[in-house]
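Q: Sequence and predicted structure below; questions after.
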Amino acid sequence: MKKIVVSIVISSIMSSIMTIAAYKKYTKEEPTIFPYYGSSFEKRNSSNPSSLISSSGLPDFTRVVEKTIHTVVNVKNYSKKYSNKLHFDPFDFFFGFPDDFGERGKIPQRNDLPGLHGSGVIISPDGYIVTNNHVIREADKIEVTLSDQRTYRAKLIGTDPSTDIALLKINEKNLPFIYFSDSNKVKVGEWVLAIGNPFDLNSTVTAGIISAKNRSLGILRGETQAAIESFFQTDAAVNPGNSGGALVNTNGELIGINTAISSNSGNFIGYSFAAPSNLVGKVIRDIKKYGSVQRAYLGVRGMDLSKSEYLKAYNKENHQNIKPQQGFLIGEVLEGSGAYDAGIKKGDIIKSIDGKSIQNVADLSFIVGTRHPGDKVKVNLIRNGEIKTFNVILKDSQGRTRIRRKEEITPSELLGASFETLGKEYKKDFGIDYGIRITEIRTGRLSAIGMEEGDIILSINGEKMRNSKDVDRVLKNHSGDVTIKSIKQNGQVYIAGFEMN
């Protein structure tokens, strides 16, 4: 009997040790990084469908609203540029920046007037907030107001113009937060709620349905050629100020971030668009874990085969007779890319990636956009009428096949730009004897504060820039506020800042 007891005790101890060891190993290798996923991935207190119907037989979303409304915040962008805005920005109509409609040309009395108002969504109890990049673009200060009217100064953790997503942080604990749902499971026709702060009205809720998926609008390509657009289209009313707010399902889980409206006036006229939660989740995980978005590329350019007018021109130029169909027609394969290495060629028609149908360019950009450099994907395509399969290793924009962690990324890369020493002609034209010129701008800190190719950086944190090495020298191991003084191409001196993580 004693032997049996001892055996049981030893077995229990060994089991506990193995469990603890396994837990430590798992948590060390795979730390929990938000977003937190809800009932689409695990059993939670999901809404009973019958609870969505009131006694009158009409839809009742009160429980969903109670669960989510306190997770949506108001975001104010205090920007000298927008406070003194004297020009028309096409994003006004797409993204709802109407606060200065009818006010253009007026000079504000203070320099810290809020230029843009938008919304944000709390995604963790310790104060991480997701919003749109265009809401906080070029902000000198970002202010967040909770549904209970508590106000905080927000820290910008990172941005991704290619998806129009930004991650903020406020210093608070035990906040209400929203769970993410798997946006791949969203169906056309299902009920959704849009929660935000239209016209600066706190905590406004509208209802509608998903009217379409995988919409590509072309509205982000002015920000970056690497734009990823695969929006949900809804008929839930979304107006200026809703940007960055939550699109939730009937379980009260996040399925998208409201981003754009279809409008000629700046106000809602029937359709709104939201970035899907799976793409949002990938972007903010990358920002938090790696310091920047780890973007993967297939390495092809081409066209949506549903666009018959473009297809006719392609057929005429290449003496082919490709019919309109679902799929992506490759017009160019970039040398050195994953697609190039795998043997994919111009004229191939991509039909699916990893078993997921490619109906248009939005499908392609979304599937690849949620992957990382080094990931392997299986590409099914049609070549000369035959179905072929290629295994492709995705690469980043520099041809690398691995994820680069924060410590590997230089300050110049975080800024998202390439520089050159200022030539004599520029020094003479601008009347300066120092500075570096931006030769290329990519996704990063500089694009987030509105800097462009051709701008001249005079100083960083008060130190004069004379060559590109000065950038890394000044910012190496630096954390906290960064102030950049620059000259725009029109000769205007521009001072902007951001926070280096």
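A: Ah, there it is.
Q: For residue 457, give its distance to residue 138.
A: Distance of residue 457 to residue 138, computed by CB to CB, to the nearest Å: 16 Å. Using the backbone N, CA and C atoms, a C-beta is placed for each residue, glycine as well.
Q: So for the two, which residue has more residues nearby?
A: residue 457 (26 against 20; other CB atoms under 10 Å).
Q: Now the strand or helix carrying the more buried one: average pLDDT?
A: Per DSSP states H and E: residue 457 is located in strand 456-460. Averaged over strand 456-460, pLDDT sits at 94.
Q: where in the stretch 351-500 of the chain is pLDDT low?
A: For the stretch 351-500 of the chain, residues meeting the criterion pLDDT under 70 lie at 443.
Q: Do a quick rundown of the strands in it.
A: 356-357, 376-383, 386-393, 417-421, 436-441, 456-460, 463-464, 480-487, 493-500 (DSSP state E, counting those that start in this stretch).
Q: any idea which of those is most buried?
A: strand 456-460 (a mean of 22; mean count of other CB atoms under 10 Å).
Q: in its sheet, what does that one sit against?
A: Partner strands and pairing direction for strand 456-460 (DSSP bridges) are strand 436-441 (antiparallel), strand 463-464 (antiparallel), strand 480-487 (antiparallel).
Q: quick one on the thing from earlier: and of the strands of the stretch 351-500 of the chain, who's closest to residue 171?
A: Closest to residue 171 of the strands of the stretch 351-500 of the chain, according to CB to CB: strand 493-500, at 12.9 Å.
Q: now for the closest one, which elements pack on it?
A: strand 151-160, helix 445-448, strand 480-487 (3 or more CB pairs under 8 Å, 6 or more residues apart in numbering; DSSP states H and E).
Q: Hmm, residue 331 is touching residue 301, no?
A: Yes. Contact criterion CB atoms under 8 Å: residue 331 and residue 301 qualify, at 5.6 Å.
Q: low-confidence ranges in the stretch 151-300 of the chain?
A: Using pLDDT under 70, the stretch 151-300 of the chain drops low at 219, 221-225, 262-269.
Q: need the strands for it, in chain order.
A: For the stretch 151-300 of the chain, the strands defined by DSSP E, counting those that start in this stretch cover 151-160, 165-169, 191-196, 204-215, 231-234, 246-248, 254-261, 272-276, 300-304.
Q: Need those in TSV (columns: distance to residue 76).
A: Converted to TSV, these look like this (distance: least, CB to CB, whole Å):
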stretch	distance to residue 76
strand 151-160	9
strand 165-169	12
strand 191-196	14
strand 204-215	16
strand 231-234	25
strand 246-248	18
strand 254-261	17
strand 272-276	21
strand 300-304	38
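Q: looking at these, which is buried most?
A: Scoring the strands of the stretch 151-300 of the chain by mean count of other CB under 10 Å, the most buried comes out as strand 246-248, with a mean of 31.
Q: Now the residue most central in space within the chain: closest residue in space, sequence neighbours ignored.
A: In the chain, the residue lying closest to the centroid (CA atoms, centre = their mean) is residue 165, at 3.0 Å. Nearest non-adjacent residue to residue 165, counting by CB to CB, 6 or more residues apart in numbering: residue 283, 4.7 Å away.
Q: show me what contacts that neighbour?
A: 160, 163, 165, 167, 293 (CB atoms under 8 Å, 6 or more residues apart in numbering).
Q: which one among the residues you listed gets closest to residue 402?
A: Closest to residue 402, out of all of the contacts of residue 283 and judged by CB to CB, is residue 293, at 15.0 Å.
Q: from what I can see that closest one touches residue 161, true?
A: No. Counting by CB under 8 Å, residue 161 is not a contact partner of residue 293; they are 9.7 Å apart.
Q: what's in contact with stretch 327-346?
A: Residues contacting stretch 327-346 (CB under 8 Å, 6+ apart): 297-305, 311, 314, 322, 347-351, 358-361, 363-364, 379, 381-383, 390-395, 399, 401.
Q: domains in this structure, as residue ranges please.
A: With domains defined by automatic domain parsing, the chain comprises 1-31, 35-292, 300-393, 410-500.
Q: distance between the last one and the chain's centre?
A: What that stands for is domain 410-500. 24 Å (CA atoms, centre = their mean, to the nearest Å).
Q: The longest one too?
A: Computed by CA atoms, centre = their mean, the chain-centroid distance of domain 35-292 equals 11 Å.
Q: swap in stretch 335-344?
A: Going by CA atoms, centre = their mean, where stretch 335-344 is centred and where its chain is centred differ by 27 Å.
Q: just to revisit the earlier point, residue 68: which of the strands of the stretch 151-300 of the chain is closest?
A: strand 246-248 (5.3 Å).
Q: That closest one packs against which elements?
A: Checking 3+ CB pairs under 8 Å, 6+ apart, strand 246-248 ends up next to helix 62-68, strand 191-196, strand 254-261.
Q: re earlier: to residue 124, which of the strands of the stretch 351-500 of the chain lies closest?
A: Using CB to CB, the nearest of the strands of the stretch 351-500 of the chain to residue 124 is strand 493-500, at 18.5 Å.
Q: Can you list the strands that the closest one pairs with?
A: strand 480-487 (antiparallel).
Q: I'd say residue 191 and residue 211 touch.
A: No. Applying CB under 8 Å, one finds residue 191 not in contact with residue 211, separated by 11.7 Å.
Q: mind listing what residue 433 touches?
A: Contacts for residue 433 (CB under 8 Å, 6+ apart) come out as residue 427.
Q: meant to ask about residue 123, not that
A: For residue 123, counting by CB under 8 Å, 6+ apart, the contacting residues are 34-36, 129-130, 177-178, 180, 254, 284.
Q: Need phi/psi at it.
A: phi -120, psi 0 (degrees, to the nearest 10).
Q: Looking at it now. What's its pLDDT?
A: Reported pLDDT for residue 123: 96.
Q: got it, and residue 327?
A: 89.
Q: Can you get me a residue count around it?
A: Considering only other CB under 10 Å, residue 327 is surrounded by 26 other residues.
Q: now it: how far from residue 359?
A: For residue 327, the distance to residue 359 - CB to CB - is 7 Å.
Q: ditto for residue 422
A: 48 Å.
Q: how about the helices in this structure?
A: 2-29, 62-68, 80-83, 91-95, 133-136, 277-290, 308-318, 338-342, 361-369, 411-415, 424-430, 445-448, 469-475 (DSSP state H).
Q: Can you tell me what sits against the fifth one?
A: For helix 133-136, the external contacting residues (CB under 8 Å, 6+ apart) are 75, 77, 91, 95, 97, 116, 118-120, 142, 156, 159-161, 163-166, 168, 223, 243-244, 448.
Q: residues contacting the residue lying closest to residue 464 once chain neighbours are set aside?
A: Nearest non-adjacent residue to residue 464, counting by CB to CB, 6+ apart: residue 434, 4.8 Å away. Residues near residue 434 by CB under 8 Å, 6+ apart: 422, 427, 458, 464-466.
Q: Mind checking the strands paired with strand 456-460 for the one nearest to residue 201?
A: Of these, the one closest to residue 201 (CB to CB) turns out to be strand 480-487, at 32.6 Å.
Q: Dump the closest one to CSV, restricted to CA.
A: Extracted in CSV, the C-alpha atoms of strand 480-487 (Å, rounded to 0.1, in the frame of the first residue of the first chain):
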residue,chain,number,x,y,z
GLY,A,480,11.3,59.3,-25.7
ASP,A,481,10.4,62.4,-27.6
VAL,A,482,12.1,63.2,-30.9
THR,A,483,11.9,66.6,-32.5
ILE,A,484,12.7,67.1,-36.2
LYS,A,485,13.2,70.5,-37.9
SER,A,486,12.9,70.4,-41.7
ILE,A,487,12.4,72.5,-44.7
